[in-house]
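Trainee: return atomic coordinates for the entry below.
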Amino acid sequence: MQRYHTPILVAEVLDFLEPASGRIYLDGTLGTGGHTGAILERSAPEGRVIGIDTDSESLQIARERLAPYGERVIFIHARFEQAPQALAGLGIASVDGALLDLGLSRVQLEIPERGFSFDREGPLDMRMDRTATGCTAAQLLESLSEIEMAGLFRVFGEERWSRRIARGIARRRETHGSLRTTRDLAQTVLTSIPSRKGPRRIHPATRIFQALRIAVNRELEALEKFLEELPALIRRGGRFCVLAFHSLEDRVLKERFRRWEQGCRCPVRSAPCECQGEPLFRRIRRKVLRPQAEEVARNPLSRSARLRVVERT
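Mentor: Residues are numbered from 1 along each chain as shown. The predicted model follows:
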């Protein structure tokens, strides 16, 4: 099993963040430390990174990997939307740049017990933080009605066969009891949708696993909350780089970036204007940046990555 996740678009992230000695950066999704290690190298000898991750297992790997950088990196076990409290606890008012990588790491995918992959049989867990008390994917499936499951798969998975799959899971629960493993779920999805000749572009269970993971970890809620707090965390001229991997995340980002670039953000009926009509951020690129074919060939997990960058005005 691969011990470290291969970070995506590293050179591009460094070019946009422009790490420099003496500055402080926030990596809200530290993972096993790939992006943070690159930022620390570029910002030597005195650049610092505050690394936050909700996955305690990945965080431990990052601690070992980044140990040579000593006090230049601070590790915090928390969700990235808790960054304001984490920084305040360190006496840091703002940072010179921030990064979020919203994708799953290879390490998480390759551990069967995590339940993120239908390629490996394991319990239907899917919690990013297994030390937390939140429900697992198996518990969530057990608690939802057929109608609720169909809605979840349609909204968070954008799955065209959401109703059929929900009906198949409901029948499976009636005949065989609750779904407990990744293989149980993947097989139920396969038998619930129309068969087709020839290979499929993606596995039929891909969007269902995505929907459950988003729901279990409240991922879109966390992203919205983080973006609400971000303007107060980044100094003027600082940049925010974010890697998204599906259209739901990207839609949230595009809408927030559009609002940030507007002038007045006060309520329509508010008078006089209190925000002085100044945009909060400007987009460095109008379009997303995607990995080149060479990177996708080396690291297939990068194929759906979309990098967006904004600068604090």
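Trainee: okay, helices next: where are they in the chain?
Mentor: Applying DSSP state H to the chain gives helices spanning 10-17, 34-42, 56-65, 83-89, 106-110, 137-143, 146-157, 162-176, 182-192, 206-217, 219-229, 247-261, 293-298.
Trainee: is it possible to export these to JSON lines including distance to G277?
Mentor: Just so you know, the C-beta spots here come from the backbone N, C-alpha and C atoms, and that holds for glycine as well. Below are the helices of the chain laid out as JSON lines (distance: least, CB to CB, whole Å):
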{"stretch": "helix 10-17", "distance to G277": "27"}
{"stretch": "helix 34-42", "distance to G277": "34"}
{"stretch": "helix 56-65", "distance to G277": "41"}
{"stretch": "helix 83-89", "distance to G277": "25"}
{"stretch": "helix 106-110", "distance to G277": "43"}
{"stretch": "helix 137-143", "distance to G277": "44"}
{"stretch": "helix 146-157", "distance to G277": "35"}
{"stretch": "helix 162-176", "distance to G277": "43"}
{"stretch": "helix 182-192", "distance to G277": "50"}
{"stretch": "helix 206-217", "distance to G277": "35"}
{"stretch": "helix 219-229", "distance to G277": "20"}
{"stretch": "helix 247-261", "distance to G277": "12"}
{"stretch": "helix 293-298", "distance to G277": "41"}
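Trainee: closest one to V309 among the ones you listed?
Mentor: If you check each of the helices of the chain against V309 by CB to CB, helix 10-17 wins as the nearest, at 4.6 Å.
Trainee: which outside residues touch the closest one?
Mentor: Helix 10-17 is contacted by residues 25, 34-35, 38-39, 42, 97, 99, 239, 241, 243, 284, 289, 307, 309 when judged by CB atoms under 8 Å, 6 or more residues apart in numbering.
Trainee: could you list the low-pLDDT ranges of the stretch 1-150 of the chain?
Mentor: By pLDDT under 70, the low-scoring segments of the stretch 1-150 of the chain are 1-3.
Trainee: could you dump stretch 75-89 to CSV, C-alpha only?
Mentor: Listed in CSV are the C-alpha atoms of stretch 75-89, where the atom choice follows Å, rounded to 0.1, in the frame of the first residue of the first chain:
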residue,chain,number,x,y,z
PHE,A,75,-0.3,20.2,13.1
ILE,A,76,-4.0,20.6,14.2
HIS,A,77,-6.6,17.9,14.3
ALA,A,78,-9.8,19.7,13.3
ARG,A,79,-12.2,20.2,10.4
PHE,A,80,-11.0,22.9,8.0
GLU,A,81,-14.1,25.1,8.7
GLN,A,82,-12.7,25.4,12.3
ALA,A,83,-9.7,27.2,10.9
PRO,A,84,-10.7,30.6,12.5
GLN,A,85,-10.7,29.1,16.0
ALA,A,86,-7.5,27.1,15.3
LEU,A,87,-5.6,30.2,14.2
ALA,A,88,-7.0,32.3,17.0
GLY,A,89,-5.7,29.7,19.5
